[in-house]
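Visitor: need coordinates for the following:
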Amino acid sequence: MAPDELNAPLGQNKAKKPPKLSVAAPQFLAGMLGLFGVVVIGWAAFVHDPLGGEPVAVVATGAQSPNKMKSAAEGDGTHHARHDGVEADASALSGPSAAGASAAPPKLALPPGAKTVTIIDGSSGERQEVVIPGSAATPSVPSRPSAAAPPPAPQQAPLDPKLMETTRHGAIPKIGADGERAAAFYARPRVLPPGRKDFPRIAVVVGGLGISASGTAAAMSDLPKPVTFALAPYGTDLPKLAERARAEGHELLLQVPMEPFDYPDNDPGPQTLLTTLSADQNIDRLHWLMSRFSGYVGLVSYMGARFSAAEQSIGPVLAETAKRGLIYVDDGSSPRSVAGQLAGGRGLPFAKTDIVLDQVPTPAEIDRALARLELTARENGSAVALAAAQPSTVARIAAWAKKVEDRGFVLVPISMVAGKAKSS
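Guide: Got it, this is the predicted structure:
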């Protein structure tokens, strides 16, 4: 029954209040902190965690640890362990670390290029050093050449600094102190078999290399070594092109622009030799042209019908050509040229173009010109042809060159038909 609140004595049926704590709040907090410290000290004393909870990274190398290598060695009764070709004494692997001591095991001698990676066990803190072989420890496997890979570059033909003179325009040819001439040093003569030494000789000069990329590439890849290359002074990357051509076995000529009859309507280009200039001015321009690249055996005129017909203009140029130890080739652009008559008096090796193969640049006309070239060579004992480095022209010359020697001719570089002309 519920207590009778009306009859109960006043104040004796009230609920009792809970007893007050005898410990103040600051004292309680201090006690909890002390208890936490005891727990931490106990954990450090009885739990083995040398890393103190620091983060670790485990690297999977696929290599055996030193302990595993030791077990493998002990299993077969030996005292050595091998790893990737490196042999180590088993005692080095079973040192203080293997016995539980804290000292690290002595390091193994590593092969060249190898690296040591230290792996730490996150639970026990045990350190293990694993050797990862480098590129030097891995045997190299020779790769097979790809079918699409370009052939190796031919050996570079040498340049002789003794045959060069430094001018304000750059290096130009000169006769060496021992009398060596560029025409002889950079020549690439053919060794003819005894049965062919008396065959008619044909020299083909392909000019304009360095101007047309497609024509230059076709000439370099399709034409045989005896074909002579004439590089235009305005071409791109001429030194490298000249290097490659010489390394392929071709003789080189430098094309020299000269004044035609319809100049300036027909302008061969900058630094053209002109009849209106003095001899010194033309020689200075000639030096600029000569400095464009090195390694050529001579010069070949480009256009120049008016210039080559003027003795006072062409004479000093021929004298300078002889002084530089070169040969001179007349491109045959003018029947009025006096270069041939003046060359002999200066001791200058000289050759003149007999046939311009692509004067009409069609396959049929080029083939007819090649036939006339053979006829001229048979009649005179030798003949010189000139053509431009255009893909269609190069293709016809390349096809002709494969069969011409079967018809009783020999294809030779320009130096093998250039001779000292008789003075007149």
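
Visitor: drop to CA atoms for contacts and neighbour counts, all remaining ones
Guide: Fine.

Visitor: shaky segments in the chain?
Guide: 1-26, 28, 38-157, 420-424 (pLDDT under 70).

Visitor: need the longest strand for it.
Guide: strand 201-209 (DSSP state E).

Visitor: other residues contacting it?
Guide: Under the criterion CA atoms under 8 Å, 6 or more residues apart in numbering, residues 215-216, 226-232, 235, 255, 373-374, 377, 381-389, 409-414, 417 lie in contact with strand 201-209.

Visitor: okay, the angle between whichever strand or helix holds residue 383 and strand 201-209?
Guide: Residue 383 is part of strand 382-388 when elements are defined by DSSP states H and E. Angle of strand 382-388 versus strand 201-209, following axes from the mean of the first three to the mean of the last three CA atoms, to 10 degrees, is 20 degrees.

Visitor: list the contacts for the closest residue to residue 311 other than its chain neighbours?
Guide: Nearest non-adjacent residue to residue 311, counting by CA to CA, 6 or more residues apart in numbering: residue 338, 6.7 Å away. Residues in contact with residue 338 (CA under 8 Å, 6+ apart) are 308-311.

Visitor: direction included, what does the host helix or strand of residue 301 pair up with?
Guide: If you go by DSSP H and E, residue 301 is part of strand 298-303. Strands flanking strand 298-303 in the sheet, each with its direction: strand 252-258 (parallel), strand 327-330 (parallel) (DSSP bridges).

Visitor: just checking, next helix/strand downstream of that strand?
Guide: From strand 298-303, the next helix or strand downstream (DSSP H and E) is helix 305-309.

Visitor: which elements pack onto that following helix?
Guide: strand 252-258, helix 311-323 (3 or more CA pairs under 8 Å, 6 or more residues apart in numbering; DSSP states H and E).

Visitor: to residue 363, which of the ones you listed lies closest?
Guide: Of all these, strand 252-258 sits nearest to residue 363, with 24.9 Å by CA to CA.

Visitor: residues in contact with the closest one?
Guide: Here strand 252-258 has contacts from 207-208, 228-233, 242, 245-246, 268-269, 271-274, 286, 289-290, 295-305, 307-308, using CA under 8 Å, 6+ apart.

Visitor: hmm, back to that, with only the CA atoms kept, save the strand holding residue 383 in CSV.
Guide: In CSV, the C-alpha atoms belonging to strand 382-388 read as follows (Å, rounded to 0.1, in the frame of the first residue of the first chain):
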residue,chain,number,x,y,z
SER,A,382,85.2,9.7,-123.7
ALA,A,383,82.1,11.8,-123.2
VAL,A,384,80.6,14.0,-120.4
ALA,A,385,76.9,14.4,-119.7
LEU,A,386,75.1,16.8,-117.4
ALA,A,387,71.6,16.5,-115.9
ALA,A,388,69.6,18.0,-113.1
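
Visitor: ok, which of the strands paired with strand 298-303 comes nearest residue 184?
Guide: That would be strand 327-330 among the strands paired with strand 298-303, by CA to CA, at 9.5 Å.

Visitor: who touches that closest one?
Guide: Taking CA under 8 Å, 6+ apart as the rule, strand 327-330 contacts 183, 297-301, 318, 321, 339-340, 348-353, 415, 418.

Visitor: report the next helix or strand after it in sequence order.
Guide: Per DSSP H and E, strand 327-330 leads on to helix 339-345 as the next helix or strand towards the C-terminus.

Visitor: quick one: buried residues of that next one?
Guide: By neighbour count on 16 or more other CA atoms under 10 Å, the buried set for helix 339-345 is 339-340, 342-344.

Visitor: now stretch 382-390
Guide: Buried residues in stretch 382-390 (16+ other CA under 10 Å): 382-390.

Visitor: kindly report the same for stretch 265-284.
Guide: In terms of neighbour count (16+ other CA under 10 Å), stretch 265-284 has its buried residues at 268, 271-275, 279, 282-284.

Visitor: can you list contacts of it?
Guide: 256-260, 285-286, 288-289, 302-303, 306-307, 310, 313, 316-317, 320.

Visitor: partner residues bridging the residue nearest to residue 354 when sequence neighbours are not counted?
Guide: Nearest non-adjacent residue to residue 354, counting by CA to CA, 6+ apart: residue 384, 5.3 Å away. Following DSSP bridges, residue 384 is listed with bridge partners residue 203.

Visitor: which residues sit in contact with residue 384?
Guide: For residue 384, the contact set (CA under 8 Å, 6+ apart) comprises 202-205, 351-355, 373, 414, 417.

Visitor: redo that, cut-off 10 Å
Guide: Contact analysis of residue 384 by CA atoms under 10 Å, 6 or more residues apart in numbering lists 201-205, 329, 331-332, 351-356, 373-374, 376-377, 412-414, 417-418.

Visitor: can you check residue 290 too?
Guide: Applying CA under 10 Å, 6+ apart to residue 290 gives the contacts 169-173, 233, 254-256, 284, 296, 298-299.

Visitor: which of those are buried?
Guide: 171-173, 233, 254-256, 284, 296, 298-299.

Visitor: for those residues, work out which two are farthest apart.
Guide: The widest separation within the buried ones among the contacts of residue 290 (CA to CA) is 18.8 Å, between 284 and 296.

Visitor: residue 305 is in contact with residue 337, correct?
Guide: Yes. Using CA atoms under 10 Å, residue 337 is in contact with residue 305, at 6.9 Å.

Visitor: overlap in contacts, those two.
Guide: residue 331.

Visitor: determine the set of other helices and strands touching whichever helix or strand residue 243 is part of.
Guide: Using DSSP H and E, residue 243 sits within helix 238-247. Using 3 or more CA pairs under 10 Å, 6 or more residues apart in numbering; DSSP states H and E, the elements in contact with helix 238-247 are strand 201-209, helix 213-222, strand 228-231, strand 252-258.
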